[in-house]
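Undergrad: What follows is a predicted protein model with its sequence.
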Amino acid sequence: MQLLGRWYDFRDLGNGVARLIEALEDVGAPDGVIYAVTGLLGAVAILVFVAIAAVMNSWIERRLIARIQVRRGPNRTGRFGLLQPVADAIKLIQKEALQPARADGLVFSLAPILIFIPAILAFAVLPWGEQMVLADLNVGVLYLLALGSTTTIIIFMAGYASNNKYALLGSMRAIAMLISYELPMVMALLGVVTFAGTMQMSGIVAFQETHWSWLIFFQPLAFLIFLLGSTAELNRTPADISEAESEIVAGFHIEYSGMKFGLFYAVELINAVAVSGVITALFLGGWWAFGLEQWIPGWLIFIGKLYGVYFILIWFRGTLPRFRIDQLMAFAWKFLLPLAIVNVFAASIEVLLWREYDLSAGLVLPIAAAVNLALAVVLIAGWGRVMGAAYEQEPRRPRLFSEIDVPLPGDGPASGPAAASEPATA
């Protein structure tokens, strides 16, 4: 029996919502009621997934990073430490939420609440299945970029309202980092939109299904740029410089305690899941998997791919050292941005030739994939070699003590080899 499209076909949960809409229309429900009911169902489903993911991912990250770094991780609270996130939540709830005496109380309290809004709203445009999109906007990519920009204001609110110089410095570092990395990420997504010909998230997935390939094969450089830029947007290692303990203690949320701090910690986990979902939809085909979705529910495929990307982010966090602030900014402006601009030009030329001469997709797309892969390898290796030369400080020959430009005690303002060779005087 063909079950596709029936309300009990769990391969696409949108079938049940479609039947609910038909039932409401049969009883004469107003369009506003139908819109509100279906929207509420989708919102509740997303909130349930986000809540479960926020609790579960805390345990997953700590266990995986512990395994990467040859440690045990949480293993005392509950079997395999599974109750450790619950214990952490109870501890944070019981802690007193302190506030500096001279802080701006309203703004200080609003920041950890408002920072959740962009993170939750990002899930609305993700295509979980063929009919499982809460808000299928025709400008979905632009919507996601706009949401990411609002985080900058909220982080500044937290740092400024704390009335603490370390919090303010941490917020300004985060703002500089976010603004810098937004540019290459936007350029990377522009290459994806150029190929797909739409900014609608479900449309980009449909493009990959129609041409029987994932966009990561056509835009490998854009994938790497967006993935690396996302670590800075998420404030995760190796780009968590705004929380460098040795320099500015804990960054913009240093004055937050109790559950207010817990909200900042939880939103980082939720943002990581949201970014993983965006990468899954734009570069990895979303719910589509070369016909496998006919046997496995598309939403399960989407979640599986999402956690595959999330594992890469955990891998980065467990293995890579933290950048210095100058290295972090130089990486965005001098490395990622030039490569993103070249990638956009290459994608534009390929799509122009494809559309202008009405060439076959079966001919153009394999050639474009090969060209873009070769271009990515050449650009990364070549530009990395050029930019890496500035950081190489390997000595070419042994140097004697007298050749080191370090003044001895008592030399005063004099320095250099000549000063180093003279005896110190009282």
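TA: Received it, and whenever you're ready, just let me know what you need. Note that this is a predicted model, so its numbers are computed, not measured.
Undergrad: any idea how far the closest residue to Ile325 other than its chain neighbours is from Met172?
TA: Nearest residue to Ile325 in three dimensions, chain neighbours excluded: Ile241, at 5.2 Å (CB to CB, 6 or more residues apart in numbering). For glycine as for every other residue, the C-beta is placed from the backbone atoms N, C-alpha and C. To Met172, Ile241 is 12 Å away according to CB to CB, to the nearest Å.
Undergrad: swap in Ala51?
TA: 32 Å.
Undergrad: and those two? which has more neighbours close in?
TA: Neighbour count, other CB atoms under 10 Å: between Ala51 and Met172, Met172 has more, with 17 against 12.
Undergrad: The more buried one sits in which helix or strand?
TA: Using DSSP states H and E, the element containing Met172 is helix 165-196.
Undergrad: what does Ala87 give?
TA: Using DSSP H and E, Ala87 falls within helix 84-94.
Undergrad: helices and strands around that helix, which ones?
TA: The contact analysis (3 or more CB pairs under 8 Å, 6 or more residues apart in numbering; DSSP states H and E) places helix 84-94 against helix 31-68, helix 258-283.
Undergrad: any idea of the angle that helix forms with helix 258-283?
TA: Interaxial angle, helix 84-94 versus helix 258-283 (axes from the mean of the first three to the mean of the last three CA atoms, to 10 degrees): 140 degrees.
Undergrad: For helix 84-94, give the mean pLDDT please.
TA: Per-residue pLDDT over helix 84-94 has a mean of 89.
Undergrad: Quick check: chain neighbours aside, which residue is closest to Leu145?
TA: Nearest residue to Leu145 in three dimensions, chain neighbours excluded: Val186, at 6.1 Å (CB to CB, 6+ apart).
Undergrad: before we move on, what about Gly159?
TA: Once flanking residues are discounted, Gly159 sits nearest to Ser171: 2.4 Å by CB to CB, 6+ apart.
Undergrad: got a list of what the one you found touches?
TA: 155-156, 158-160, 242, 251-252 (CB atoms under 8 Å, 6 or more residues apart in numbering).
Undergrad: Can you list the low-confidence ranges for this structure?
TA: Residue ranges of the chain with pLDDT under 70: 1-12, 243-248, 388-426.
Undergrad: Look up how far Pro184 lies from the residue most central in space within it.
TA: Geometric centre of the chain, nearest residue: Ser230, 3.4 Å, by CA atoms, centre = their mean. Per CB to CB, Ser230 is found 11 Å from Pro184.
Undergrad: Show me where this protein has its strands.
TA: Here the chain has no strands by DSSP state E.
Undergrad: OK, contacts around the residue nearest to Leu47 when sequence neighbours are not counted?
TA: Take Leu47 and drop its neighbours on the chain: the residue closest to it by CB to CB, 6+ apart is Ile120, 7.2 Å away. Contacts for Ile120 (CB under 8 Å, 6+ apart) come out as 46-47, 50, 270.
Undergrad: In ChimeraX, select just the buried ones from these.
TA: To isolate the buried subset of the contacts of Ile120 in ChimeraX, counting by 16 or more other CB atoms under 10 Å, use the following:
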select :46,50,270
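Undergrad: Can I get the contacts of Ile120 in TSV including distance to Val107?
TA: Formatted as TSV, the contacts of Ile120 follow (distance: CB to CB, whole Å):
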residue	distance to Val107
Ile46	28
Leu47	26
Val50	25
Ile270	22
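Undergrad: ok, the contacts of Ile120 vs Met132, which is closest?
TA: Proximity of those to Met132 (CB to CB) peaks at Ile46, which lies at 10.3 Å.
Undergrad: ok, the closest one to Pro85 distance?
TA: On the measure of CB to CB, Ile46 and Pro85 end up 20 Å apart.
Undergrad: Make sure Ala188 is actually in contact with Ile225.
TA: Yes. In this structure, Ala188 is within contact of Ile225 by CB atoms under 8 Å, at 4.1 Å.
Undergrad: No more questions from me, cheers.
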